[in-house]
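Participant: Pasting the sequence and the predicted coordinates here, then a few questions.
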Amino acid sequence: MSSEREPVQSVRAYIPRMFAVLIALIVFAIWLLSTPDGLLGKADAVGYALCHRIDLRSFQLGTRQLPLCARCSGMYLGVLLGLGFYITRRSKAVRYPNRAVSAVLIFFAIIWAIDGLNSYLQLLPMATGVYPPSNTLRLITGTLVGISLSTMVYPAFSQFAWKYVQNEPVLRSFKDLGLLLLIAAVLVALILGENPLILYPLAIASTISVFLILTIVYTSVVLAISRRENRAERWRDLFTPIVIGLTLAVIQIGVIDWLRYSMTGTWAGFHF
């Protein structure tokens, strides 16, 4: 009798997973069919949901602007860099960096905010910025804050996800931070080179990063709401929550796309 029940229980265990995948495919298909054609068109739709996409404040891929402005491109590539570092090296680390490293990360956020405010002032007719803004500064400060953002988000995710955790910080020391900054510097240099063969994959990577960070946040929420925190031992144990998190991320992007398009009637960014 028990041998007959085991296959049935095994099938039942896969039903929620199959249902989550089905819903995800439907939602993703609707979004794909509702957004501009082509891979870059889909990337533009991702950027359209969270970036002003001002042409003059974006790097150019040939005759078209990148899906995200210079600041957002840097930020989400910085997020991707940080998350890639943590997932591959310390996927179950749950602690934040020490005070000294955290202070540097906070400093990154401060200079990002200052540069953003200075750039915003340039758009106001009666205001002037403190210094001339540039896409180079937007890219650099965006990349730095992206590293800070990933460093804040990933330990929180680990605290929700893993049954057995690593009681250590995701960034152990300035040596780790220095390695990240070195890679970030290479990334920034590649973008500033504006080689289309390099910009194209980086443009796609930046929009993938949007889905990645949103999926991580929503997966944490799903785990909390379903009261399934701290049960996973491997990544595959998180399959269903991650699929649900990704679905919610696509829904969020799709809803914002729809709202913005309904107000503007165009997929283009703002022009000044």
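Facilitator: Good, I have the coordinates.
Participant: helix or strand for residue 19, which one?
Facilitator: Of the helices and strands defined by DSSP states H and E, residue 19 is found in helix 2-34.
Participant: Which SSE is immediately downstream of that helix?
Facilitator: Downstream of helix 2-34, the next assigned helix or strand under DSSP H and E is helix 39-48.
Participant: name the helices or strands packed onto that next one?
Facilitator: Secondary structure elements in contact with helix 39-48, counted by 3 or more C-beta pairs under 8 Å, 6 or more residues apart in numbering; DSSP states H and E, are helix 196-225, helix 239-264. Placement of C-beta: from N, CA and C, glycine included.
Participant: how about a markdown table for the ones you listed, with mean pLDDT added?
Facilitator: As requested, those are arranged in a markdown table below (pLDDT from 0 to 100):
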| stretch | mean pLDDT |
| --- | --- |
| helix 196-225 | 95 |
| helix 239-264 | 96 |
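Participant: Looking at those helices, spot the one closest to residue 66.
Facilitator: Of all these, it is helix 196-225 that lies closest to residue 66, at 4.8 Å by C-beta to C-beta.
Participant: Report the distance from that closest one to the chain centre.
Facilitator: The chain centroid and the centroid of helix 196-225 are separated by 4 Å under C-alpha atoms, centre = their mean, to the nearest Å.
Participant: Would you mind getting the angle between that helix and helix 39-48?
Facilitator: For helix 196-225 and helix 39-48, the angle between their directions (axes from the mean of the first three to the mean of the last three C-alpha atoms, to 10 degrees) works out to 50 degrees.
Participant: picking that back up, what's the average pLDDT for the helix holding residue 19?
Facilitator: Per-residue pLDDT values across helix 2-34 average out to 78.
Participant: how about stretch 49-69: buried residues?
Facilitator: Neighbour counts using 16 or more other C-beta atoms under 10 Å place 49-54, 57-59, 61, 65-69 of stretch 49-69 among the buried residues.
Participant: wait, I meant stretch 136-149
Facilitator: By 16+ other C-beta under 10 Å, the buried positions in stretch 136-149 come out as 137-149.
Participant: same thing with stretch 203-220?
Facilitator: When burial is assessed from 16+ other C-beta under 10 Å, stretch 203-220 yields the following buried residues: 203-207, 209-220.
Participant: so which of the helices and strands packed on helix 39-48 comes closest to residue 122?
Facilitator: helix 239-264 (21.8 Å).
Participant: ok and the closest one relative to helix 39-48, angle-wise?
Facilitator: The directions of helix 239-264 and helix 39-48 differ by 80 degrees, with the same axes, to 10 degrees as the criterion.
Participant: and helix 239-264, what does it pack onto?
Facilitator: The contact analysis (3+ C-beta pairs under 8 Å, 6+ apart) places helix 239-264 against helix 2-34, helix 39-48, helix 196-225.
Participant: Can you tell me which of those is most buried?
Facilitator: Burial among the helices and strands packed on helix 239-264, expressed as mean neighbours by mean count of other C-beta atoms under 10 Å, is greatest for helix 39-48, which shows a mean of 20.
Participant: what does whichever helix or strand comes after that one contact?
Facilitator: Towards the C-terminus, the helix or strand next in line after helix 39-48, according to DSSP H and E, is strand 60-61. Counting contacts by C-beta atoms under 8 Å, 6 or more residues apart in numbering, the residues outside strand 60-61 that touch it are 40, 66, 194, 196, 199-200, 203.
Participant: quick one: strands adjacent to strand 60-61?
Facilitator: Each strand paired with strand 60-61, and its direction, by DSSP bridges: strand 64-65 (antiparallel).
Participant: Averaged pLDDT, the strand it pairs with. What do you get?
Facilitator: Strand 64-65 shows a mean pLDDT of 89.
Participant: do stretch 83-92 as well
Facilitator: Per-residue confidence for stretch 83-92 averages out to 93 on the pLDDT scale.
Participant: Kind regards, and thank you for your time.
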